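Asks: Okay, sequence plus prediction incoming.
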Amino acid sequence: MQPWIKTLRAGQSLNLFTDEIRNPVSGMDAAQGIFLALANGKRIIHLGGIERLSRYQLGYVLAEVLQLPIDQLNPCRQADVQMAAPRPPDASLNSELAYSLGYQPKGFKDAILALQAEL
């Protein structure tokens, strides 16, 4: 996110994919999830965020919260860009097991608001 912020603050445009999905989670929430996973035995536990968002949606929320120019965000498609290595269009995680153990990550906007003073 820091390079995106730097780009927008410099007045430059930012091309962000609308067809590449992630479920972001804050470092603090992920760390709490790791402690939760360690306390609950040896199982594979995914610690994704609660929302599935495209990179464009992530950029939009980030710009909105930090009051950066939204009109500098350019929606584009991963499918139209030749990548050095193939990437799946949906890299979101199924964190249902973690949720059943008490994992409660904040939504992306709330996580950005919590970190806003540090950005």
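Replies: All right, it came through fine.

Asks: In space, not sequence, find me the middle residue of this protein.
Replies: Pro24 (2.8 Å; C-alpha atoms, centre = their mean).

Asks: Hmm, it is touching Gly49, no?
Replies: Yes: here Pro24 reaches Gly49: they are 4.8 Å apart, a contact under C-beta atoms under 8 Å. All C-beta atoms are positioned from the backbone trio N, CA, C, and that covers glycine.

Asks: Mutual contacts of those two, please.
Replies: 108, 111 (C-beta atoms under 8 Å, 6 or more residues apart in numbering).

Asks: before we move on, which element is the residue of the chain most remote from its centre in?
Replies: Going by C-alpha atoms, centre = their mean, the residue of the chain most distant from its centre is Gly41, 27.0 Å out. According to DSSP states H and E, Gly41 maps onto no helix or strand at all.

Asks: How about Gly59?
Replies: Counting by DSSP H and E, Gly59 is found in helix 55-66.

Asks: Can you mark which positions in that helix are buried?
Replies: For helix 55-66, the neighbour count (16 or more other C-beta atoms under 10 Å) marks 55-63, 65-66 as buried.

Asks: So which bits of the very next helix or strand once past that helix are buried?
Replies: Downstream of helix 55-66, the first helix or strand assigned by DSSP H and E is strand 73-76. Residues 73, 76 are the ones in strand 73-76 that count as buried (16+ other C-beta under 10 Å).

Asks: Okay, now the sheet partners of strand 73-76, with direction.
Replies: Partners of strand 73-76 in the sheet, by DSSP bridges, are strand 14-17 (parallel).
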